[in-house]
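Undergrad: From the sequence below, what's the structure:
(chains A and B)
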Amino acid sequence: MMKNFQSTACREFEASLEDYLEGELRGPEAAKLSEHLKTCARCRAALDLASLTTRLLSAGEPTADPGPGFSRLVMARIRLEQQRAGEKGIWLPFVSVAWRFAAAASLTVIALITYTTTLHPVPQQNIAQVRGAQSRDLVTDAGGPPESRDEILMMMAETNHGKH
Amino acid sequence: MPDVTKGVAASAPALALPITRSSKGEEERELVRLAQNGTEAAYEELVRRHQRRVSALVGSILRRHEDVEDVVQQVFLKVFISIGRFDLRAAFSTWLYKITVNECWDYLRKKKVRPLVYESDLSEEQISRLDGVVSADHPPESPSERAEVKELLDWMLERLPEQDRQLLVLKEMEGFSVHELAEILNLNVNTVKVRLFRARGRLMDVYRRRKSSGLNPDHQTTARQRKV
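TA: Residues are numbered from 1 along each chain as shown, chains lettered A, B, ... in the order given. All right, here's what the predicted structure looks like:
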């Protein structure tokens, strides 16, 4: 693709030269260009060259009309699209309710998680107390005096068992 | 450039539309108003009036792509959906053509294809054919000759920057005015004129360079779509 082409015409006259080609240059603008063309060979050459493009491009066929059936085809497609949109519309209320339900459920879950983790935390001190209580239950206080006959028997059994 | 508005006057009464305005612009505004109120026949008439130019515009951007007709239909579908939002103070055609240009670029972006690319060179015979057209010694007469010249022109136009090619095709081959092009492409009218004039120079430069660079009879013009 060419991009390095430099027009030979004077910059300030390019728009007027295009108008001149199109036969749309009138009045003082036309007179000014005429005067300029008398002395500027570069603009004359550019104009001659540009005028050839009009002949060249007019030799090409313009796009043909798609024909009388085309507008009917377009209208048929429009009706089809409208029908499709209508069919989608039947399910639209249900889809809307489903989305609302899903959104409400999600919000509830988020609220529950937030409540349990940040708004209502288990205090560390309580955990320590619970752990302490649990450990007291599990470990027998061997240092204290026996409180019942059964405990005395248990101690004697353990002592004898250790001897063997 | 054929007058696309011919036959409209005959077709509008056939649809029995309640149009009373006389001027073309007023008549079109009335059709748009009716289409906005849901009169399908009015919209069909608008499609009929603009289908050739919309096809030309799509064709100039996508080139001879097989999906041109589909894109044109898509344009008219989009316009139908959004016609209620159209401000009647503006020209319907300009609004329509702007939607067309946007739809084309969307299409090219989605499909990830660039417009038609000619990769081979012109043959000696083809160059001589163009010489005949430029010198006006042998202008194309039959439809097959015109189609052949169109093919050669496409080859030359392909060598221009995209905007140059588009401006020349729409202005010289499809009959769009400078003012229409300025509005469609969001450019200043003077800028369009300058770019058009420079594009003409570039086109002839392509032609002259090809002529002077020597001829290769084995080369044939081929075109294909290229993936980006």
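
Undergrad: Closest to the centroid, which residue in chain A?
TA: residue A:99 (20.0 Å; CA atoms, centre = their mean).

Undergrad: Next, work out how far apart that one and residue A:106 are.
TA: Note on residue A:99: its distance to residue A:106, by CB to CB, to the nearest Å, is 11 Å. From N, CA and C alone the C-beta is placed, and that goes for glycine too.

Undergrad: element containing the residue nearest to the centre of chain A, please.
TA: Here residue A:99 is covered by helix A:68-114, with elements defined by DSSP states H and E.

Undergrad: and if you look at residue A:61?
TA: Here residue A:61 is covered by no helix or strand, with elements defined by DSSP H and E.

Undergrad: for stretch A:43-53, which positions count as buried?
TA: Neighbour-count burial for stretch A:43-53 flags A:43, A:44, A:46, A:47, A:49, A:50, A:52, A:53 (criterion: 16 or more other CB atoms under 10 Å in any protein chain shown).

Undergrad: Which other helices and strands does the strand or helix carrying the fifth one contact?
TA: Looking back up the chat, that one is residue A:49. For residue A:49, the host element (DSSP H and E) is helix A:41-58. Counting contacts by 3 or more CB pairs under 8 Å, 6 or more residues apart in numbering or on different chains; DSSP states H and E, helix A:41-58 is packed against helix A:14-21, helix A:27-39, helix B:124-134, helix B:189-212.

Undergrad: sorry, back to before: can you tell me the average pLDDT over the helix holding residue A:99?
TA: When the per-residue pLDDT values of helix A:68-114 are averaged, the result is 84.

Undergrad: Okay, now the unreliable bits of chain B?
TA: Residue ranges of chain B with pLDDT under 70: B:1-22, B:64-65, B:113-127, B:129-130, B:133-139, B:212-228.

Undergrad: Just name whatever secondary elements the helix holding residue A:99 is in contact with.
TA: Helices and strands touching helix A:68-114, as assessed by 3+ CB pairs under 8 Å, 6+ apart, comprise helix B:40-62, helix B:68-82.

Undergrad: which helices and strands does the shortest one pack with?
TA: Okay, so that is helix B:68-82. Applying 3+ CB pairs under 8 Å, 6+ apart, we find helix B:68-82 packed against helix A:68-114, helix B:40-62, helix B:92-111.

Undergrad: Just the C-alphas of the shortest one, formatted as CSV.
TA: Output for helix B:92-111, consisting of C-alpha atoms alone and laid out as CSV, is shown next (Å, rounded to 0.1, in the frame of the first residue of the first chain):
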residue,chain,number,x,y,z
PHE,B,92,-32.4,10.2,8.3
SER,B,93,-29.9,9.2,5.5
THR,B,94,-26.9,10.5,7.4
TRP,B,95,-28.0,8.8,10.6
LEU,B,96,-28.6,5.6,8.6
TYR,B,97,-25.2,5.8,6.9
LYS,B,98,-23.4,6.4,10.2
ILE,B,99,-25.0,3.2,11.7
THR,B,100,-23.9,1.4,8.5
VAL,B,101,-20.3,2.4,8.9
ASN,B,102,-20.2,1.4,12.6
GLU,B,103,-21.9,-1.9,11.8
CYS,B,104,-19.2,-2.6,9.1
TRP,B,105,-16.4,-1.9,11.5
ASP,B,106,-18.0,-4.1,14.2
TYR,B,107,-18.4,-6.9,11.7
LEU,B,108,-14.7,-6.7,10.6
ARG,B,109,-13.7,-6.6,14.3
LYS,B,110,-15.8,-9.6,15.2
LYS,B,111,-14.7,-11.6,12.1
